[in-house]
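Visitor: only geometry, no sequence info:
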């Protein structure tokens, strides 16, 4: 379990190195204690409780540089941060997001869940239920942040926010199948599919 500030500092450090032409592209996989993160387009109404009440319930909250609004990270969720030099890989932003979406959907299929992208709403969806979120920042041509796939996440934690500014229901691999995939297997799958899409 990686505290969110620790993962954020590591991601920012590796991003800075890559943007300076040092280091290599990277995929950072981690699981966080309960935390809400607010992207650049988060609005006050997207968090449904005052910060002090969330803190009393054990939630941290961080404002970050990614796009999008508010989301939740916590135990049972596969979070993947991507440090990718887009020019070096010949990728545009649209192709990048499509590739991440397809990687999530193919990974979900390995665990018995049929997910799909939605042209009007980022992420991966299962018949109107949100399975995974995508939130990125691109600075100096290099990506930061990435994706969060609900594996066996406690979905009740999402009731304190409007995830991504939407009122859509949230789901997970375990909610859809009744099974609890091991996170290392999910990370292996996501990594393989991301390499296949973005390499």
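Guide: Done, it's in. Keep in mind it's a predicted model, so treat the numbers as computed, not measured.
Visitor: residue 113: what secondary structure?
Guide: Here residue 113 is recorded as coil under DSSP: H, G, I helix; E, B strand; the rest coil.
Visitor: give the next helix or strand downstream of the lengthiest helix in the chain.
Guide: Among all segments of the chain classified by DSSP state H, the helix with the greatest residue count is helix 93-110. Sequence order places strand 116-118 as the next helix or strand after helix 93-110, per DSSP states H and E.
Visitor: give the buried residues for the longest helix of the chain.
Guide: Within helix 93-110, the residues scored as buried using 16 or more other C-beta atoms under 10 Å are 96-97, 99-108, 110. Any C-beta I mention is one placed from the backbone N, CA and C, and that applies to glycine too.
Visitor: put together a markdown table for the residues you listed, with distance to residue 190 on each row.
Guide: Shown next, in a markdown table, are the buried residues of helix 93-110 (distance: C-beta to C-beta, whole Å):
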| residue | distance to residue 190 |
| --- | --- |
| 96 | 15 |
| 97 | 15 |
| 99 | 12 |
| 100 | 9 |
| 101 | 12 |
| 102 | 11 |
| 103 | 6 |
| 104 | 7 |
| 105 | 11 |
| 106 | 9 |
| 107 | 5 |
| 108 | 10 |
| 110 | 10 |
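Visitor: and the residues you listed, which is closest to residue 43?
Guide: Closest approach to residue 43 among the buried residues of helix 93-110 (C-beta to C-beta): residue 97, at 22.0 Å.
Visitor: need the buried residues of helix 93-110 in JSON lines with distance to residue 67 and pLDDT, can you?
Guide: Listed next are the buried residues of helix 93-110 as JSON lines, based on distance: C-beta to C-beta, whole Å; pLDDT from 0 to 100:
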{"residue": "96", "distance to residue 67": "12", "pLDDT": "97"}
{"residue": "97", "distance to residue 67": "10", "pLDDT": "96"}
{"residue": "99", "distance to residue 67": "16", "pLDDT": "97"}
{"residue": "100", "distance to residue 67": "13", "pLDDT": "98"}
{"residue": "101", "distance to residue 67": "15", "pLDDT": "98"}
{"residue": "102", "distance to residue 67": "19", "pLDDT": "98"}
{"residue": "103", "distance to residue 67": "18", "pLDDT": "98"}
{"residue": "104", "distance to residue 67": "17", "pLDDT": "98"}
{"residue": "105", "distance to residue 67": "20", "pLDDT": "98"}
{"residue": "106", "distance to residue 67": "23", "pLDDT": "98"}
{"residue": "107", "distance to residue 67": "22", "pLDDT": "98"}
{"residue": "108", "distance to residue 67": "23", "pLDDT": "98"}
{"residue": "110", "distance to residue 67": "28", "pLDDT": "98"}
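Visitor: residue 37: which of these is nearest?
Guide: Nearest member of these to residue 37, counting by C-beta to C-beta, is residue 100, at 17.2 Å.
Visitor: show me the shaky parts of the protein.
Guide: 164-165 (pLDDT under 70).
Visitor: could you pull out the strands for it?
Guide: 26-30, 35-38, 60-63, 70-73, 77-83, 116-118, 121-126, 129-139, 142-150 (DSSP state E).
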